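>>> predicted model and sequence below, questions to follow.
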Amino acid sequence: MKKSIKLFVFCLAFCTTATAFAQDTLKVDWKANQKIKAVPTLQVVVNAKLRRGSNIHPGAFDALKKIDADYVRFCPWFPYPKLGVAELKEPKDGKTSWDFSLMDPIVEDFMNATKGHPVVMTFSTTPQWMWKAEWYSGEPADPDQEEWQYNGGTELKDGTGKQVGEYFRRVYEWYTKGGFTDELGKKHSSGHFYKFEYWEVLNEPDAEHSVTPRLYNIIYDATAAEIRKVDPSAKFVGASLMRIPDLTPTYMETFLDPKLHRSGTPLDAASFHAYVWIDQSRGAEVEQYTAFEQSRQFIDQFYYIQEMRDRLSPKTKLMVNEVGTIRADDMHNSRSSIEPWYWSLSGGVFAYLYSEFAWMGVDLVGESQLVGYKGQFPCVSMVDWETGEPNLRYYALKLIKDNLAVGDKVLGWEQGTSNRHNCYARPFIDKTGKKKLLLVNQRNKNLTVIVPGAQSMQYVDESALAVQKKKVNGTVELSRFGVAVVEVE
């Protein structure tokens, strides 16, 4: 086999009226390459549908188990305080309110479904009573009822962060050390001895409590210090930022600067989120352009984060641990049904962003999220919230996860211009030497892609809710927003 091989990929796209796009040539240099570090994974956000007794509980956790992913992110968060906060009341009159009875079943089911894999735990919500927000009237009696006000206040009562750090240390001990001793000296036994690969400190602090960059460092440092008292080997993820445009340079730079932390505080990993906003009312004809344009903006913004990391803390890993699409009308409820093209487009966006982040050296890319439903961001769900069956977003991740792995090689190339925003392509070489081409149809049209040497393909599109396989002979057909991995001889 020659050391340098050139593959000419001809993208010939046909719209529904059979009018052809101009033919384009994509030149792939299989010699120039680098190893993938990016783990393809997902996040599990705790909500009512994941509780035992939910009609989709079995299907959702079965889907999580079958995807067989490393570093799945587990995130209880503030709209469900009884499912994510273990001490809802401040210690008073010789009593504490520690109670894990609603949290434990979900954690146990999650750990069983991910058994044998490293996980990232994000118990993201601090008890409301630790914040200066006297107006808060209390969490709802029904644990399944959302409470969007459970993140009030921007100033901690204990500005040193020690109180918050001690709270998270006790939660950590409950799940990894068999129990803890509370503020009043009482022992609480759990029987849990789980292993958490990473502990992520807070979730989207730039939004939740509007935590300032300096206050975030205080909370992070205090939490890391407390947890390391009981587990010196513990590793942490920090930042977990929602707004990429706003974090440059202040928030991420503040977090990544060791000089702005306590001496010895580990900066193991930094995380941020990438959500593309889609207005379904404008239809696929418009959103086919806006979705991928927004995606490219995330890639451009990432360069700034990468530069900060390389300059300030080069050993810190970078994780994009929430990647997805959000419909404009889905903040708190769904006023309309979700059309099939949306799911396919959303899967294509994830495949595109995974590929680009992998090329840029990101360490983890996580799709958001296992379960959403009406009233709880249905547009990001990876399973049907009525049946628990996986949807196209789930299978887009599975296609990536089953075909592209850490240690494979990802390649750069010189690409033509006329069709490059119709059919996205990225070459990979797996550890066995197989050449693969990831294709993403970025348009609301069927595409025909001529790939000399193509032998077979695995793909996801609206034709079936599963990863499909078929033989090809140099010609690859992609339905609108379809995603494929093509093996090339």
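On my side now, so go ahead.
>>> who's in contact with the helix or strand hosting residue 105?
Element membership for residue 105 (DSSP states H and E) is helix 103-113. Here helix 103-113 makes contact (CB atoms under 8 Å, 6 or more residues apart in numbering) with 44, 46, 50-52, 57, 61-62, 64-65, 72, 74, 76, 83-84, 86, 119, 175, 190, 192, 194. For every residue, glycine as well, the C-beta is placed using N, CA and C.
>>> list the buried residues of it.
103, 104, 105, 106, 107, 109, 110, 111, 113 (16 or more other CB atoms under 10 Å).
>>> tell me the contacts of residue 342?
278, 280, 284, 325, 327, 379.
>>> so this structure: which segments form each domain?
Domain ranges of the chain: 6-35+410-488, 39-403, per automatic domain parsing.
>>> okay if I get these as CSV plus mean pLDDT?
What follows is the domains of the chain, written out as CSV (pLDDT from 0 to 100):
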stretch, mean pLDDT
domain 6-35+410-488, 76
domain 39-403, 94
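>>> against residue 238, how distant is residue 267?
Applying CB to CB, to the nearest Å, the value for residue 267 to residue 238 is 7 Å.
>>> can you check residue 39 too?
For residue 39 relative to residue 238 (CB to CB), the value is 18 Å.
>>> neighbour-wise, which of those two wins?
Between residue 39 and residue 238, counting by other CB atoms under 10 Å, residue 238 is the more crowded of the two (28 against 21).
>>> circling back to that earlier point, find residues that contact each of residue 267 and residue 238.
residue 255.
>>> thinking again about what came up before, among the contacts of helix 103-113, which ones are buried?
44, 46, 50-51, 57, 61-62, 64, 72, 74, 76, 83-84, 86, 119, 175, 190, 192, 194.
>>> ok, residue 405 to residue 468 distance?
Where residue 468 is concerned, residue 405 sits at a distance of 20 Å (CB to CB).
>>> looking at this, residue 348 is in a helix?
Yes - membership of residue 348 in a helix is supported by DSSP: H, G, I helix; E, B strand; the rest coil.
>>> which one is it nearest to, not counting chain neighbours?
Spatial nearest neighbour of residue 348, chain neighbours left out: residue 481 (4.4 Å); criterion: CB to CB, 6 or more residues apart in numbering.
>>> who touches that neighbour in this structure?
Residue 481 touches 288, 341, 344-345, 347-348, 440-444, 461-462, counting by CB under 8 Å, 6+ apart.
>>> on the three-state scheme, it is what?
With three-state DSSP as the criterion, residue 481 reads coil.
>>> ranges for the helices of the stretch 1-150 of the chain?
57-67, 81-84, 103-113 (DSSP state H, counting those that start in this stretch).
>>> can you say which of these is nearest to residue 302?
If you check each of these against residue 302 by CB to CB, helix 57-67 wins as the nearest, at 25.1 Å.
>>> which strands or helices does the closest one pack on?
strand 39-45, helix 103-113, helix 392-403 (3 or more CB pairs under 8 Å, 6 or more residues apart in numbering; DSSP states H and E).
>>> which one of the ones you listed lies nearest to residue 203?
Closest among these, once you apply CB to CB, is strand 39-45, at 9.2 Å.
>>> tell me the strands beside the closest one, with direction?
strand 72-75 (parallel), strand 364-368 (parallel) (DSSP bridges).
>>> which of those strands is buried the deepest?
With neighbours taken as mean count of other CB atoms under 10 Å, the strands paired with strand 39-45 reach their highest mean count in strand 364-368, at a mean of 27.
>>> can you list the neighbours in contact with it?
38-43, 45, 71-73, 269, 273, 275, 317, 319-324, 350, 353-354, 357-358, 380, 382, 393, 396-397.
>>> please name the residues that touch the residue of the chain most remote from its centre.
The C-alpha centroid of the chain is most remote from residue 93, which lies 42.0 Å away (CA atoms, centre = their mean). Not one residue lies near residue 93 by CB under 8 Å, 6+ apart.
>>> hmm, back to that, please tabulate the strands paired with strand 39-45 in TSV, including the columns distance to residue 254.
Listed next are those as TSV, based on distance: least, CB to CB, whole Å:
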stretch	distance to residue 254
strand 72-75	23
strand 364-368	22
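>>> residue 32: which of those is closest?
strand 364-368 (21.9 Å).
>>> and that closest one with helix 392-403, angle?
160 degrees (axes from the mean of the first three to the mean of the last three CA atoms, to 10 degrees).
>>> centre of the chain to strand 364-368, how far?
3 Å (CA atoms, centre = their mean, to the nearest Å).
>>> show me what the longest helix seen in the chain is packed against.
What stands out as the longest helix in the chain, according to DSSP state H, is helix 284-312. Contact partners of helix 284-312 among helices and strands, from 3+ CB pairs under 8 Å, 6+ apart: helix 244-247, helix 250-256, strand 269-278, strand 317-327, helix 340-360.
>>> tell me the SS of residue 240?
Applying three-state DSSP: residue 240 is strand.
>>> ok, it touching residue 199?
No - using CB atoms under 8 Å, residue 240 is not in contact with residue 199; the gap is 11.6 Å.
>>> so for those two, which residue has more residues nearby?
Neighbours per residue (other CB under 10 Å) separate residue 240 from residue 199, with residue 240 holding more: 27 against 23.
>>> that older thread, quick check: angle from the longest helix of the chain to helix 340-360?
20 degrees.
>>> report the buried residues of helix 284-312.
Buried, per 16+ other CB under 10 Å, within helix 284-312: 284, 287-288, 291-292, 294-295, 298, 301-302, 304-305, 308-309, 312.
>>> show me which of the buried residues of helix 103-113 is closest to residue 216.
residue 103 (24.1 Å).
>>> okay, that closest one and residue 258: tell me how far apart.
The value you get for residue 103 to residue 258, if CB to CB is used, is 34 Å.
>>> what's the local residue count around residue 281?
12.
>>> helix, strand or coil: sort out it for me.
Going by three-state DSSP: residue 281 is helix.
>>> correct me, but residue 187 touches residue 174?
No - the criterion here is CB under 8 Å, and residue 187 misses it with residue 174 at 11.4 Å.
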